[in-house]
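S.K.: okay, sequence plus prediction incoming.
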Amino acid sequence: SDLHLPIPFIALGTFMSLAGIILLIACFNLTNTTLALYTKRMKEIGVRKVSGSSRLQIASQFFIEISLTIMLSVAVGFAMSLYIIPHFAAMWELPYGLKELNSINIIVTLMILLFSSAVLAGIYPAAFGSRQSPLILFRSGKMAGGTNLFIRLLLVSQFSLSIMVLIGGTAFTQNATYQNNISFGYDEDKLLTALVQGRHDAEALSHALSDHPKIERTSPAVHHFAFINAGESPAQLGPQKFHASVYEVGQEYFPTVGLSLISGRFFNDRDTLQHYIIVDENFVRRKQLSAPLDTKIVLDGKSFTIIGVVSNHLTDLESHDRENYIYKLAKPDQYQILVIRAEASTLSETQRYVQQQWKKLFPDKPLRTDLQRDILYQEANMYNRNLSRIFFFITILGCVLSVSGLYSMASLNISRRTKEIGVRKVLGASVMNI
């Protein structure tokens, strides 16, 4: 295929790690199961050794048996992936799937997976099964000491990996809850946006919405948080040079979005031809301005005067408090967006009303409207939802594999202690006691 699109790192890294963890759990489980089954084949191995089979031949037999098991698992897994991968790609909105993979790449990947899994799961059972002497195999009928400790270590490793995945899933769930409850510093749950082109569109739509009882305010702007973020511009405060995010907004922007006035004033009608700006609390703190009002700041070679200080805010989930935010009045002919403030409980209904009014004003022009929370959480919600589902599935799968390993160890333990159990029963121990 000629499609050369990068896979998002978070998807690639996360699921390669999860796949590796599940593969380790499966390999440890296969090792435990093979060692448990080994106890039932001791006489067979003893007969083969007495008949002249070398240690290498017996080890090869174990290794080939495990390789065949893994080969069957790889085939079943590949068949399942033909169904799962399209759904996985749809979850992450990936524009590619199995058909974009080269057949040689798939074959090489499956061969590497088969070989590495066979080595990881089969080396110890093959080595252990081939090193026992025929005398021990025929006389004791049980495994040599030390193996039980190794099996316990494998079982502990299985459950530890499962707990790791469980902790990761819990952390992602808590992070999603934290993100949903985070305070951005403004009333994002009461805002919706409409893309407009210039002063005429903005004023016409704003006037049409003015009679709606649920709409509290509207404000046109060039930039808006998380949707049309402002780029960085060179700025200077005295001898200090820095870069700042300069937002060009309308006069009613701050009351509309819900940013509080800390000191000074907002923009008004008399400021249209003046070089006035407003900054936030973080800007004042970082620049150590004890009296920020009337301070001069140079932006793009022009001098501006601070007339107000507003409360802090976060632009989006990836922003931080180290950014320098400066607000100045936008030129009306450059308006790109109309920010609408309405009651949070009726925001979806208000969005439909905005579309209806726009169609009355401009029947032939489409209008894009978005809820502010959808803008902020669109990508985050997708990641959190998908990761929560997949972590839950992987945790259940890992626990099932670990429990099957525990069953293998219990079977092995019972086979090693058959005589002890028989003696206890003869002496009167009940099933509940044992």
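M.R.: Good, I have the coordinates.

S.K.: hmm, L137 and M42 touching each other?
M.R.: Yes. When contacts are counted by C-beta atoms under 8 Å, M42 is listed as touching L137 (4.7 Å). All C-beta spots, glycine's among them, are computed from the backbone N, C-alpha and C.

S.K.: these two - which one has more neighbours?
M.R.: Using other C-beta atoms under 10 Å as the criterion, M42 and L137 rank with L137 on top: 23 against 20.

S.K.: show me how far stretch 127-136 is from its chain's centre.
M.R.: In terms of C-alpha atoms, centre = their mean, to the nearest Å, the centre of stretch 127-136 is found 48 Å from the chain centre.

S.K.: what's in contact with that stretch?
M.R.: Identification of contacts with stretch 127-136 by C-beta atoms under 8 Å, 6 or more residues apart in numbering yields 35, 38, 41-42, 45-46, 49-50, 55-56, 58-59, 62, 144, 147.

S.K.: now stretch 421-434
M.R.: In contact with stretch 421-434 (C-beta under 8 Å, 6+ apart) are residues I414.

S.K.: likewise for stretch 292-306?
M.R.: 233-237, 244, 246, 263-264, 274-279, 284, 289, 307-309, 326, 328.

S.K.: could you do stretch 367-377 as well?
M.R.: Contacts of stretch 367-377 (C-beta under 8 Å, 6+ apart): 179-180, 184, 188-195, 225-227, 316-317, 347-348, 351, 354-355, 358-359.

S.K.: list the ones among those that fall in strands.
M.R.: L191, L192, T193, A194, L195 (DSSP state E).

S.K.: how much space separates the closest residue in space to the first one that isn't next to it in sequence from L209?
M.R.: In this structure, L191 finds its nearest non-sequential neighbour in Q372, 3.8 Å apart by C-beta to C-beta, 6 or more residues apart in numbering. In this structure, Q372 lies at 16 Å from L209, with C-beta to C-beta, to the nearest Å as the measure.

S.K.: and the two? Which one has more around it.
M.R.: Q372 (25 against 21).

S.K.: phi, psi for the more buried one please.
M.R.: Main-chain torsions, Q372, degrees, to the nearest 10: phi -60, psi -40.

S.K.: relative to A342, how far out is it?
M.R.: Applying C-beta to C-beta to Q372 and A342 gives a distance of 11 Å.

S.K.: what residues do those two have in common as contacts?
M.R.: Common neighbours of Q372 and A342 (C-beta under 8 Å, 6+ apart) are K190, L192.

S.K.: need the helix or strand of the protein with the lowest average pLDDT.
M.R.: helix 134-139 (a mean of 70; mean pLDDT, DSSP states H and E).

S.K.: could you list which of the contacts of stretch 292-306 belong to strands?
M.R.: 233-237, 244, 246, 263-264, 276-279, 307-309, 326, 328.

S.K.: which ChimeraX command selects the buried ones in the ones in strands among the contacts of stretch 367-377?
M.R.: Filtering the ones in strands among the contacts of stretch 367-377 down to the buried ones (16 or more other C-beta atoms under 10 Å) takes a single ChimeraX command:
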select :191,192,193,194
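
S.K.: can you list the ones in strands among the contacts of stretch 367-377 in a markdown table and add distance to Y83 and pLDDT?
M.R.: Listed next are the ones in strands among the contacts of stretch 367-377 as a markdown table, based on distance: C-beta to C-beta, whole Å; pLDDT from 0 to 100:
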| residue | distance to Y83 | pLDDT |
| --- | --- | --- |
| L191 | 41 | 96 |
| L192 | 39 | 96 |
| T193 | 40 | 97 |
| A194 | 42 | 97 |
| L195 | 40 | 96 |
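
S.K.: and the contacts of stretch 367-377, which of them are buried?
M.R.: 184, 188, 190-194, 225-227, 316, 347, 351, 354, 358.

S.K.: by pLDDT, rank these and give me the bottom one.
M.R.: On pLDDT alone, D316 ranks lowest of the buried ones among the contacts of stretch 367-377, at 81.

S.K.: got a list of what it touches?
M.R.: Contacts of D316 by C-beta under 8 Å, 6+ apart are F225, A226, N229, L376.

S.K.: got phi/psi on it?
M.R.: phi -160, psi -170.

S.K.: now E216
M.R.: Per degrees, to the nearest 10, the backbone of E216 is at phi -90, psi -40.

S.K.: what's the closest non-adjacent residue to it?
M.R.: Per C-beta to C-beta, 6+ apart, closest to E216 is R341, 4.7 Å.

S.K.: can you check what angle separates the helix or strand where that neighbour lies from strand 191-195?
M.R.: Under the criterion of DSSP states H and E, R341 resides in strand 337-342. Inter-element angle recorded for strand 337-342 and strand 191-195: 150 degrees (by axes from the mean of the first three to the mean of the last three C-alpha atoms, to 10 degrees).

S.K.: who are the packing partners of strand 337-342?
M.R.: strand 191-195, helix 198-209, strand 215-221, helix 253-257, helix 347-361 (3 or more C-beta pairs under 8 Å, 6 or more residues apart in numbering; DSSP states H and E).

S.K.: mean confidence score for stretch 318-328?
M.R.: Here the average pLDDT along stretch 318-328 is 84.

S.K.: show residues contacting that stretch.
M.R.: By C-beta under 8 Å, 6+ apart, stretch 318-328 touches 235, 242-249, 253-254, 275-280, 282-283, 286, 297, 299, 304, 310, 312-315.

S.K.: tell me which element S117 falls in.
M.R.: Going by DSSP H and E, S117 is in helix 103-131.

S.K.: do the same with V76
M.R.: Going by DSSP H and E, V76 is part of helix 55-91.

S.K.: can you check what angle separates that helix from helix 103-131?
M.R.: 140 degrees.

S.K.: other SSEs contacting helix 55-91?
M.R.: helix 9-38, helix 42-50, helix 103-131.

S.K.: so what's L120 up against?
M.R.: Counting by C-beta under 8 Å, 6+ apart, L120 has contacts L24, C27.

S.K.: can you do 10 Å?
M.R.: Each residue near L120 by C-beta atoms under 10 Å, 6 or more residues apart in numbering is listed here: L23, L24, A26, C27, F28, L30, T31, I66, I70.

S.K.: what's the spacing between the first one and A410?
M.R.: So that's L23. 24 Å.

S.K.: and what of the fourth one?
M.R.: Relative to A410, C27 is positioned 20 Å away (criterion: C-beta to C-beta).

S.K.: thank you, goodbye.
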